[in-house]
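**Q** fold the stuff below for me.
(one chain, ligands or ions: 1)
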Amino acid sequence: MREEDLEIAIKVVIVGNGAVGKSSMIQRYCKGTFTKEYKKTIGVDFLERQIECEGEDVRLMLWDTAGQEEFDAITKAYYRGAQACVLAFSTTDRDSFEAIQSWKKKVEDECGEIPTVLVQNKIDLMDQNVIEPEEVDLLARMLGCRLLLTSVKEDVNVNAVFRHLASRCLAELRREEEEYTMSSNGHHPLTISAFGPMMNSNKSNYSNGTIVLKSGKIKNKKKKNLFMNNCRLL
Ligand SMILES: Nc1nc2c(ncn2[C@@H]2O[C@H](COP(=O)(O)OP(=O)(O)OP(=O)(O)O)[C@@H](O)[C@H]2O)c(=O)[nH]1
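**A** Have a look, this model is predicted:
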């Protein structure tokens with residue numbers, strides 16, 4: 001795929017308590033692998049995957065954040081500019097379920113209301129379940145989020161999480177595009193893509209950021225290019 005084809009990039013943050021399976025979910029989705037070992041995320045990590053969704057090429061940029069509160073100050077900065085969010089908790093960890101509202105608030109404080117999925121992970125461990133299904137349904141309704149039950153280990157529903165978010169974001173972009181087309185004078189504003197520094201337990205150093213700026217006139221009104229009209233910090 002050529003770089004110029006990658007018109008749509010969506011930044012997704014995955015949040016939730018430690019050990020609920022956030023890193024595993026991203027690894028599963030982007031690399032197709034699963035490991036039993038638990039290596040806690042230090043600060044923030046990042047992986048991406050390109051998918052086709054509703055006829056569009058979409059680049060999903062998945063930001064894996066540390067679940068431990070001690071990293072809150074670092075991770076918060078990375079929520080900025082996110083267009084979608086995964087709120088994850090574990091079937092076997094009641095605290096992680098009870099922390100969901102506070103995770104939602106942390107993301108909302110930085111990003112406002114963005115498409116969000118509530119994910120109950122580790123459903124392969126239902127025999128050790130500590131949360132009633134009714135409680136989970138109630139929480140999803142209260143938050144106004146789609147609920148998905150996943151097992152990263154058994155690869156159940158992981159794709160559905162990100163496909164749902166991509167689809168919601170596309171709908172949002174199309175709506176914005178319609179609004180823009182109605183009010184535009186033919187110029188489109190800057191598209192800004194900024195990759196911040198990353199750090200995880202394997203890499204103790206920060207990597208350099210990349211900033212891409214695009215500006216100019218809309219040459220044609222092909223559907224694909226329409227998504228470049230948005231000005232966003234990724
Ligand atoms: N049985 C089971 N184990 C899982 C599943 N998903 C993840 N795990 C295990 O849960 C542990 C924690 O997974 P991680 O992905 O590291 O958790 P995390 O949420 O990224 O944790 P932090 O980096 O501390 O925030 C690991 O030992 C994984 O192998 C699952 O669906 N089922």
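**Q** could you list the buried residues of stretch 58-72?
**A** V58, R59, L60, M61, L62, W63, D64, T65, A66, G67, F71 (16 or more other Cβ atoms under 10 Å). Every residue, glycine included, has its C-beta placed from N, CA and C.
**Q** and these, which is closest to D127?
**A** G67 (23.6 Å; Cβ to Cβ).
**Q** assess the claim that that closest one and S23 are in contact.
**A** No - with contact defined as Cβ atoms under 8 Å, G67 does not count as touching S23 (9.4 Å).
**Q** in this structure, where is pLDDT below threshold?
**A** 1-7, 184-234 (pLDDT under 70).
**Q** what's the longest helix in it?
**A** The single longest helix within the chain, with elements called by DSSP state H, is helix 158-183.
**Q** show me which residues of this protein are close to the ligand?
**A** By the rule Cβ under 6 Å from any ligand atom, the part of the chain lying against the ligand is 18-24, 35-38, 40-41, 66-67, 121-122, 124-125, 151-153.
**Q** 8 Å instead, please
**A** Neighbours of the ligand within the chain, by Cβ under 8 Å from any ligand atom: 16-25, 27, 34-41, 64-68, 88, 90, 121-125, 150-154, 156.
**Q** now a ChimeraX select for only the buried ones of those residues.
**A** To isolate the buried subset of these in ChimeraX, counting by 16+ other Cβ under 10 Å, use the following:
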select :16,17,18,19,20,21,22,23,24,25,27,34,41,64,65,66,67,88,90,121,122,123,150,151,152,153
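**Q** tell me how far T41 lies from R59.
**A** According to Cβ to Cβ, to the nearest Å, T41 stands 22 Å off from R59.
**Q** can you check R94 too?
**A** From R94 to R59 the distance is 36 Å (Cβ to Cβ).
**Q** over to T92?
**A** 33 Å.
**Q** same question, E172
**A** Taking Cβ to Cβ, one finds E172 at 16 Å from R59.
**Q** for the closest residue to L165 other than its chain neighbours, what are its contacts?
**A** Of all residues not flanking L165 in the chain, A84 sits nearest, at 4.1 Å (Cβ to Cβ, 6 or more residues apart in numbering). If you count contacts by Cβ atoms under 8 Å, 6 or more residues apart in numbering, A84 has them with I10, K11, V12, V13, I114, P115, T116, V117, L165, A166, R168, C169.
**Q** beta partners of A84?
**A** Beta bridges link A84 to V12, judged by DSSP bridges.
**Q** how close does it sit to E37?
**A** 28 Å.
**Q** next: F71.
**A** Relative to E37, and taking Cβ to Cβ, F71 is found at 20 Å.
**Q** same check, this time on M25
**A** In terms of Cβ to Cβ, M25 sits 15 Å off from E37.
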